[in-house]
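Colleague: The following block contains a protein sequence and its predicted model.
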Amino acid sequence: GVSRIFYYNYLVLLVIVSFLSFLCAILNHISIFTSFTYTRLKALGLRKSVGANTKQLFVLLITEFIFTIVLAFILATCVIEILRPLLENTTKVMTDIPQLISIVGIFIVIGILLSVLLIAYPLWRICSKDVNMNMTGKRPMGQQRVQKILICIQLIICIFFLFITSIMYSQINYMNNKDLGINIKNVIKLTPNSSYMKAFRDKADIIVSNLNKDPNITVAFKQGRDFFLEDGNKFFTTEHISWQGKNPDDASLPGSWIEVQPEFFNFFDIKLKQGRLFSNDYTSDKEKFIINEKFADIIGDPVGKSIRWRDTEYEIIGVVENIQDRSLKNELKRTVFELSDWVMYAYVRHAEGKAGEALQYIDKVMKEQGIDNYNTQFMEDTFHNFTKSDNVMMQIISIVTLACLLISVFGVYSLTLYSMRQRRREVAIRK
């Protein structure tokens, strides 16, 4: 299926981030617009002196305010359209022009309503001032406090974004460097097309034997089920498994079921903690299990004990360390390994720096056996796909964080410049 790029919780986070960045821009615009309006107090006073009333002045200022917002959205839409190929390549989300226009239209309506709601009261107070007070051009102290509060809110939003960005960076760094308990370095998975699956099963031993002859390939083996999946493998709950001394609290714990070939553990360097691994004799180990440490923790000393599954008794012959066989977003599950002679894939570990040569030899062997249609996939790429949504989200949040910082810095600079102009006489007197 198609790999998922975004998860629901990331979409929620993206909506929150978008709203906060939008709010930061609106607060900055309100702060600058009100400061600019106070520089026009004398002009507003003159309009009142020639007959303009409070309502007319309010409509004038609100119209100017809304026009600025609409103009900003139009320019933003043009920038988005220019950058659309880059955004689509980053997020893997495809958009068309009608959809983009409808989204921008919705945001324009929301932006206008929210902005008008926040600025209506300050503008009404300015417009309702007495003519004589307007003619003085003095800026009240209360308005200065409001602007300082708005700037503080913007800086708080920026700090929040910096905090989120640092958390996501730490998370991705942890995911990229975590010990998976399984060595997937330089591993290639071979998957024949469904039409060639029977031929691949029949010739799997010959294919693996020939692959192991190439000096560019360290080792190859056949495997029945894919195990390194974003959503995990076959699931079970301990509700369907029983063992001696089972605790009632362990009645329905989630688990993962993996069918493997005897070479599986050595190929992926999975460490044995207790007991032994599967032998090459399928008959002797057919009704035996190997479990991971997490499952062993709830059984006690498991080696030699039996667990019952589907009316069949299976002996536990070994315990291996926990392996991360799925996305790190999923909880590490209790895992059962069962020996199986079913074949659907082949895994190849190539020598360091010899991926190209190994792929050429793989193609040669597969074609010799009449298998012309197959897929190859590097296991490291599969794992990195698990963190793709995190990387995309961190890129988006980093861009938003930078934008909010620039908005806040621009707002602080504008207000500082305005305050300096207002206090020119005070500075001259102090000199």
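Modeller: Good, I have the coordinates.
Colleague: which stretches of the stretch 201-350 of the chain form strands?
Modeller: Taking DSSP state E, counting those that start in this stretch, the strands of the stretch 201-350 of the chain run over residues 217-223, 234-237, 241-243, 254-260, 272-275, 288-292, 306-309, 312-320, 334-339, 345-350.
Colleague: closest one to Leu61 among these?
Modeller: Leu61 lies closest to strand 254-260 among the strands of the stretch 201-350 of the chain, at 60.7 Å (Cβ to Cβ). All C-beta spots, glycine's among them, are computed from the backbone N, C-alpha and C.
Colleague: circling back: using a markdown table, lay out the strands of the stretch 201-350 of the chain together with mean neighbour count and mean pLDDT.
Modeller: Shown next, in a markdown table, are the strands of the stretch 201-350 of the chain (neighbours: other Cβ atoms under 10 Å; pLDDT from 0 to 100):
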| stretch | mean neighbour count | mean pLDDT |
| --- | --- | --- |
| strand 217-223 | 21 | 90 |
| strand 234-237 | 14 | 66 |
| strand 241-243 | 17 | 81 |
| strand 254-260 | 20 | 81 |
| strand 272-275 | 16 | 92 |
| strand 288-292 | 24 | 91 |
| strand 306-309 | 18 | 84 |
| strand 312-320 | 18 | 90 |
| strand 334-339 | 23 | 87 |
| strand 345-350 | 24 | 92 |
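Colleague: Can you tell me the closest non-neighbouring residue to Ile30?
Modeller: Counting by Cβ to Cβ, 6 or more residues apart in numbering, Ile119 is the residue found nearest to Ile30 once chain neighbours are left out, at 4.9 Å.
Colleague: Enumerate every residue touching Leu332.
Modeller: Neighbour list for Leu332: 294, 322, 324 [criterion: Cβ atoms under 8 Å, 6 or more residues apart in numbering].
Colleague: about what we covered before: for the residue nearest to Ile30, pull up the helix or strand it's in.
Modeller: Assigned by DSSP states H and E, Ile119 belongs to helix 97-127.
Colleague: Going by neighbour count, which residues of that helix are buried?
Modeller: By neighbour count with 16 or more other Cβ atoms under 10 Å, helix 97-127 contains the buried residues 104, 108, 111-112, 115, 119, 122-123, 126-127.
Colleague: with those in mind, which one is nearest to Asp202?
Modeller: Of the buried residues of helix 97-127, the one sitting nearest to Asp202 (Cβ to Cβ) turns out to be Val104, at 58.3 Å.
Colleague: What score does the closest one have for pLDDT?
Modeller: Per-residue pLDDT puts Val104 at 69.
Colleague: Not counting sequence-adjacent ones, nearest residue to Phe295?
Modeller: Arg334 (3.7 Å).
Colleague: Sorry, slip of the keys, the one I care about is Met344.
Modeller: Gly224 (5.8 Å).
Colleague: Among the buried residues of helix 97-127, which one lies nearest to Asn176?
Modeller: Once Cβ to Cβ is applied, the member of the buried residues of helix 97-127 that ends up nearest Asn176 is Val104, at 36.0 Å.
Colleague: Can you list the neighbours in contact with stretch 161-176?
Modeller: So stretch 161-176 is contacted by 13, 17, 20-21, 328, 384, 386-387, 390-391, 393-394, 397-398, 400-401, 404 (Cβ under 8 Å, 6+ apart).
Colleague: Quick check: mean pLDDT of it?
Modeller: For stretch 161-176, the per-residue pLDDT averages 74.
Colleague: Kindly report the same for stretch 195-202.
Modeller: 90.
Colleague: What of stretch 37-49?
Modeller: Per-residue scores along stretch 37-49 average to 79.
Colleague: what's the neighbour count on Ala204?
Modeller: By other Cβ atoms under 10 Å, the residues close to Ala204 number 21.
Colleague: so how far is Asn280 from it?
Modeller: Distance of Ala204 to Asn280, given as Cβ to Cβ, to the nearest Å: 15 Å.
Colleague: give me every residue that touches the residue of the chain positioned farthest from its centre.
Modeller: No residue in the chain sits farther from the centre than Val50, which is 59.7 Å out by Cα atoms, centre = their mean. Contacts for Val50 (Cβ under 8 Å, 6+ apart) come out as none.
Colleague: correct me, but the residue nearest to Met344 touches Gln261?
Modeller: Yes. In terms of Cβ atoms under 8 Å, Gly224 counts as a neighbour of Gln261; the distance is 6.6 Å.
Colleague: Settle it for me: which of those two has more neighbours?
Modeller: Taking other Cβ under 10 Å, Gly224 and Gln261 do not tie; Gln261 has more neighbours (24 against 19).
Colleague: for that one, phi and psi?
Modeller: phi -90, psi 160 (degrees, to the nearest 10).
Colleague: excluding its backbone neighbours, what's nearest it?
Modeller: Closest to Gln261 by Cβ to Cβ, 6+ apart is Gln223, at 5.5 Å.
Colleague: Residues in a beta bridge with Ile258, which ones?
Modeller: Note on Ile258: beta-bridge partners by DSSP bridges are Phe337.
Colleague: That one touches Arg334, doesn't it?
Modeller: No. Using Cβ under 8 Å, Ile258 is not in contact with Arg334, being 11.5 Å away.
Colleague: Which strand residues bridge Val187?
Modeller: Beta bridges link Val187 to Arg349 when assigned by DSSP bridges.
Colleague: Touching, it and Thr382? I think so.
Modeller: No. Contact between Val187 and Thr382 fails when scored by Cβ under 8 Å: they sit 9.3 Å apart.
Colleague: partners of the residue nearest to Lys273 when sequence neighbours are not counted in the sheet?
Modeller: Excluding its sequence neighbours, the residue lying closest to Lys273 (Cβ to Cβ, 6+ apart) is Val319, at 4.7 Å. Applying DSSP bridges to Val319 yields these beta-bridge partners: Gln274, Ile291.
Colleague: In contact with Val319, which residues are there?
Modeller: By Cβ under 8 Å, 6+ apart, the neighbours of Val319 are 272-275, 290-293, 296, 302-303.
Colleague: quick revisit: got TSV for the strands of the stretch 201-350 of the chain, with distance to Gly45 too?
Modeller: Shown next, in TSV, are the strands of the stretch 201-350 of the chain (distance: least, Cβ to Cβ, whole Å):
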stretch	distance to Gly45
strand 217-223	84
strand 234-237	75
strand 241-243	84
strand 254-260	73
strand 272-275	85
strand 288-292	80
strand 306-309	88
strand 312-320	83
strand 334-339	78
strand 345-350	81
